[in-house]
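Q: My questions concern the predicted model and sequence given below.
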Amino acid sequence: METGTGFQPILIDHLTDKHRAKRVVLLSGKIYYEVLKERQTRNLTDSVALVRIEELAPFPFKELEEALSFYPNATEYMWLQEEPRNQGTYPHVADRISSVLQRMQKKVKLEYVGRKESSIPAPGIGNLFQIQQKKVVEGAFTCLTAYL
């Protein structure tokens with residue numbers, strides 16, 4: 001890290017118009033860059049906010065609530081990950097994020113976008129992985145519940 005910088009457990013999206021954002025996509029890791037690129041391609045920067053959770057334990061409840069309150073008109077919240085649903089961070093973050101939404105009196109369900117449950121972390125076939133990865137990234141913009 002450079003001098004004058006520091007670790008932040010939550011990174012909010014300053015590119016999105018905080019009053020126009022209707023969907024908040026929560027995610028962690030390198031898939032952020034693919035989703036960011038797809039959002040720019042689809043020209044959805046003002047309506048879809050990306051919130052990166054960089055610290056998973058201890059979970060940053062307070063910081064997440066502050067980040068989500070930055071988008072007062074959002075009505076859709078989703079967790080996006082490239083790993084299968086039963087792997088990756090979803091099993092750890094789902095209830096925690098939902099509790100923050102409940103505390104904020106958001107009467108919405110946290111939706112999941114990612115690969116369906118699997119006993120393996122990736123399909124092992126490059127072409128199949130690329131097809132699934134594309135669907136996961138597109139899921140941030142096309143649907144609320146996606147098991148890909």
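A: It's in.

Q: ranges for the strands of the protein?
A: With DSSP state E, the ranges of strands along the chain come out as 10-11, 23-27, 48-53, 76-84, 111-115, 146-147.

Q: any idea which residue sits dead centre in this protein?
A: In the chain, the C-alpha nearest the mean C-alpha coordinate belongs to L26, at 2.2 Å (CA atoms, centre = their mean).

Q: Around E66, how many other residues sit close by?
A: The number of residues packed near E66 is 13, by other CB atoms under 10 Å. (Each C-beta comes from the backbone N, C-alpha and C, glycine too.)

Q: re earlier: could the strands of the chain go into JSON lines alongside mean pLDDT and distance to E63?
A: JSON lines is the format used below for the strands of the chain (pLDDT from 0 to 100; distance: least, CB to CB, whole Å):
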{"stretch": "strand 10-11", "mean pLDDT": "97", "distance to E63": "4"}
{"stretch": "strand 23-27", "mean pLDDT": "97", "distance to E63": "12"}
{"stretch": "strand 48-53", "mean pLDDT": "98", "distance to E63": "9"}
{"stretch": "strand 76-84", "mean pLDDT": "95", "distance to E63": "16"}
{"stretch": "strand 111-115", "mean pLDDT": "93", "distance to E63": "21"}
{"stretch": "strand 146-147", "mean pLDDT": "42", "distance to E63": "27"}
